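[1] Got a predicted structure plus its sequence, pasted below:
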Amino acid sequence: MTVGRIMALDHGSDRVGVAVSDPLGITAQPHSTLDASSARLMDDIRNLATDLGVELVVVGLPVSLDGTEGPSAAAARHFAAEVGVATGLEVEMVDERFTSNIAERAMIEAGTRRRDRREARDRVAAAVFLQSYLDGRT
């Protein structure tokens with residue numbers, strides 16, 4: 001089992017949500033949101049991974065309810081391969097079904113305004129699937 005900081009990336013067409021684990025790999029926290037269309041996206045991800053001391057990257061894999069993969073999953077797999085090349089780190093795919101809904105509900109319950117939820121949703125969703133990944137490693 002890897003011990004060290006893990007970074008989760010929730011890849012979308014507009015934004016990439018970023019979450020990170022604590023150094024022991026026990027808890028996940030939302031970190032930031034990156035512009036998915038930025039020419040510097042891979043540089044930004046590499047710099048974040050280096051600055052945070054990341055040892056593993058997990059990328060959300062959007063699969064349908066029946067477990068099949070569509071165009072979004074293919075895009076996520078391509079993105080994960082690019083991240084692996086850019087960072088030199090191992091990249092694992094993680095099922096991200098329902099994470100955006102869970103993130104949205106949690107923010108509503110916390111009283112987060114609609115405009116703020118849209119901005120935070122991707123990084124909170126990344127934290128949700130990262131925490132699930134961390135919990136499943138024990």
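    Now that the structure is in, tell me what you want to look at. Residues are numbered from 1 along each chain as shown.
[2] alpha carbons only for contacts and neighbour counts from here, please
    Noted.
[3] Low-confidence bits of the protein, can you list those?
    For the chain, applying pLDDT under 70 flags the ranges 1-3, 97-104, 106-107, 116-119, 138.
[4] now with 50?
    Residues of the chain meeting the criterion pLDDT under 50: 1.
[5] Show me which helix runs longest in it.
    helix 114-136 (DSSP state H).
[6] tell me which residues in it are buried?
    By 16 or more other Cα atoms under 10 Å, the buried positions in helix 114-136 come out as 117, 120-134.
[7] What is that helix packed up against?
    Applying 3 or more Cα pairs under 8 Å, 6 or more residues apart in numbering; DSSP states H and E, one finds that helix 114-136 contacts strand 5-11, strand 15-21, strand 28-35, strand 54-61, strand 90-95, helix 99-109.
[8] now the angle between helix 114-136 and the shortest one, please.
    Between strand 90-95 and helix 114-136, the angle comes out at 110 degrees (axes from the mean of the first three to the mean of the last three Cα atoms, to 10 degrees).
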